[in-house]
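Colleague: Following is a predicted model, sequence given first.
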Amino acid sequence: MIHQKLELPGIERIRTRFLELLRERQVSIAEHALTAWESDELEKINGSLASARTLLHQIAGTAGSLGFVELGQEARTVETEIDDHLNGADADLAICPGALIYHMSDFVQLCQTLTAAQPETAQSA
């Protein structure tokens, strides 16, 4: 089914736009992670994580249908980890779990690797 979707007219233009947005989103996710990690204010930590979660949700919802299955799965995994933290016992503490930051960093690295490997984004680099 996914192979049929990837053969639709105009899909390359959509994939290219997705990859362009991915470059912007990966920077934003990294900035949100850094803010959450460095802050000692509950609202700033949780707000930054929630903002990153929104971007991850957008990526997860689109990536698989454009042929980036691993990226979509990883985005969903990190999104779920953020949800677990924000809804967990430590959500009212001004802390950001190191493991969560590492997973966000790994996701950003995956984005960088993916966009660097795509010829349609080589001009945007």
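Modeller: Cool, got the structure. Numbers count the residues shown, from 1 in each chain.

Colleague: contacts and neighbour counts: CA atoms only from here.
Modeller: Noted.

Colleague: all helices in the chain, in order from the N-terminus.
Modeller: Assigned by DSSP state H, the helices in the chain fall at 2-5, 11-38, 42-63, 69-86, 98-117.

Colleague: Quick one: closest of the ones you listed to residue 92.
Modeller: helix 42-63 (7.0 Å; C-alpha to C-alpha).

Colleague: Tell me who's in contact with the residue nearest to residue 61 when sequence neighbours are not counted.
Modeller: Once flanking residues are discounted, residue 61 sits nearest to residue 72: 7.0 Å by C-alpha to C-alpha, 6 or more residues apart in numbering. Residue 72 is in contact with 59-64, counting by C-alpha atoms under 8 Å, 6 or more residues apart in numbering.

Colleague: out of those residues, who's nearest residue 32?
Modeller: Using C-alpha to C-alpha, residue 59 is the member of these that lies nearest residue 32, at 15.5 Å.

Colleague: Would you mind measuring from the residue nearest to the spatial centre of the chain to residue 49?
Modeller: Geometric centre of the chain, nearest residue: residue 56, 3.7 Å, by C-alpha atoms, centre = their mean. From residue 56 across to residue 49, the span is 10 Å (C-alpha to C-alpha, to the nearest Å).

Colleague: Which entries within the contacts of residue 72 meet the buried criterion?
Modeller: Burial by neighbour count, 16 or more other C-alpha atoms under 10 Å: within the contacts of residue 72 this picks out 59-60, 62-63.

Colleague: Could I get the contacts of residue 72 in TSV, plus columns for pLDDT?
Modeller: TSV is the format used below for the contacts of residue 72 (pLDDT from 0 to 100):
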residue	pLDDT
59	98
60	97
61	95
62	95
63	96
64	93
